[in-house]
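Colleague: Generate a structure from the sequence data that follows.
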Amino acid sequence: MNAAHDSAVTQSREHAWKYFELHANQRIAVFNFFLVFSGALAAGIAATLQGSQRFALLGVGLGLTLGLVAFLFWKLDQRVSFLIKRAERALSDAEGAFPDPTLRLVQHEPSSTAEASKGLGPVHRLWTYGEVFRLMFAAMAVSGVVGTVLCWLRFTGHLDW
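Modeller: The predicted structure follows:
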């Protein structure tokens, strides 16, 4: 009975870890794809702004696309973040059975992060992946809006360089 229980606990812990690993890797892969895709769109916007006025309308489309892409990837990241948090809760619960409290890494991570950031301002404290990702999504969305406006002004002849 005890060996069967230990085996079930081990299998449960492995299942939670694989679930966490799958979604954590997925989150990084999606973010990397976002960076490449949004970078290409931003480069396209810059090229239309520097090119002939007749290409500026293409820049409007690229800017709108960049804003939409930033929104959609933000929503994808929300979903993956939710799945990761579920796995972290399962891993934290599994760690409760560890006899050595120093091995309860997931369980103690929130308090360790808070302690490491205590007294530090917003720039110097430890940021979460989510905070960094959301900042990048927002920056690209704003870039898309600004690019759209500048390209429209260029297209309509109100902006000429």
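Colleague: From Ser117, how far off is Arg125?
Modeller: 4 Å (CB to CB, to the nearest Å). From N, CA and C alone the C-beta is placed, and that goes for glycine too.
Colleague: So which bits of stretch 74-88 are buried?
Modeller: In terms of neighbour count (16 or more other CB atoms under 10 Å), stretch 74-88 has its buried residues at 74, 76-77, 80-81, 83-84, 87-88.
Colleague: ok, these vs Ala138, which is closest?
Modeller: Distance ranking of those against Ala138, using CB to CB, places Trp74 first at 8.1 Å.
Colleague: what about the nearest residue to the closest one once chain neighbours are set aside, which helix or strand?
Modeller: In space, not counting the residues next to it along the chain, Trp74 is nearest to Phe137; the distance is 4.2 Å by CB to CB, 6 or more residues apart in numbering. Take DSSP states H and E as the rule and Phe137 turns out to sit in helix 129-156.
Colleague: pLDDT weak spots in this protein?
Modeller: Per-residue confidence of the chain (counting by pLDDT under 70) places the weak regions at 1.
Colleague: for the residue nearest to Trp74, what are its contacts?
Modeller: The contact partners of Phe137, taken as CB atoms under 8 Å, 6 or more residues apart in numbering, are 34, 70-71, 73-74, 77.
Colleague: From Gln50, how far off is it?
Modeller: As it turns out, when the distance is counted by CB to CB, Phe137 lies 26 Å from Gln50.
Colleague: Gly130 now?
Modeller: Computed as CB to CB, the Gly130 to Gln50 distance reads 35 Å.
Colleague: still on that earlier bit, buried residues of the helix holding Phe137, list them for me.
Modeller: 133-134, 136-137, 140-141, 143-144, 147-148, 150-152, 154-155.
Colleague: Among these, pick out the one closest to Ile45, please.
Modeller: Gly147 (3.8 Å).
Colleague: Does the closest one touch Leu62 like I think?
Modeller: Yes: counting by CB atoms under 8 Å, a contact exists between Gly147 and Leu62, whose distance comes to 6.9 Å.
Colleague: residue closest to the middle of this protein?
Modeller: By CA atoms, centre = their mean, the mean C-alpha position of the chain lies nearest to Phe133, the distance being 3.5 Å.
Colleague: Let me see the contact set for Gly44.
Modeller: By CB under 8 Å, 6+ apart, the contact set of Gly44 is 58-59, 62.
Colleague: Dump stretch 23-34 to PDB, keeping only the CA atoms.
Modeller: Coordinates of each C-alpha in stretch 23-34 appear next as PDB, following Å, rounded to 0.1, in the frame of the first residue of the first chain:
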ATOM      1  CA  HIS A  23       3.200  25.400 -21.200                       C
ATOM      2  CA  ALA A  24       6.300  27.300 -20.000                       C
ATOM      3  CA  ASN A  25       8.100  26.200 -23.200                       C
ATOM      4  CA  GLN A  26       5.000  27.100 -25.200                       C
ATOM      5  CA  ARG A  27       4.900  30.600 -23.600                       C
ATOM      6  CA  ILE A  28       8.500  31.300 -24.600                       C
ATOM      7  CA  ALA A  29       8.100  29.900 -28.100                       C
ATOM      8  CA  VAL A  30       4.900  32.100 -28.600                       C
ATOM      9  CA  PHE A  31       6.700  35.100 -27.300                       C
ATOM     10  CA  ASN A  32       9.700  34.600 -29.600                       C
ATOM     11  CA  PHE A  33       7.400  34.200 -32.500                       C
ATOM     12  CA  PHE A  34       5.700  37.500 -31.500                       C
END
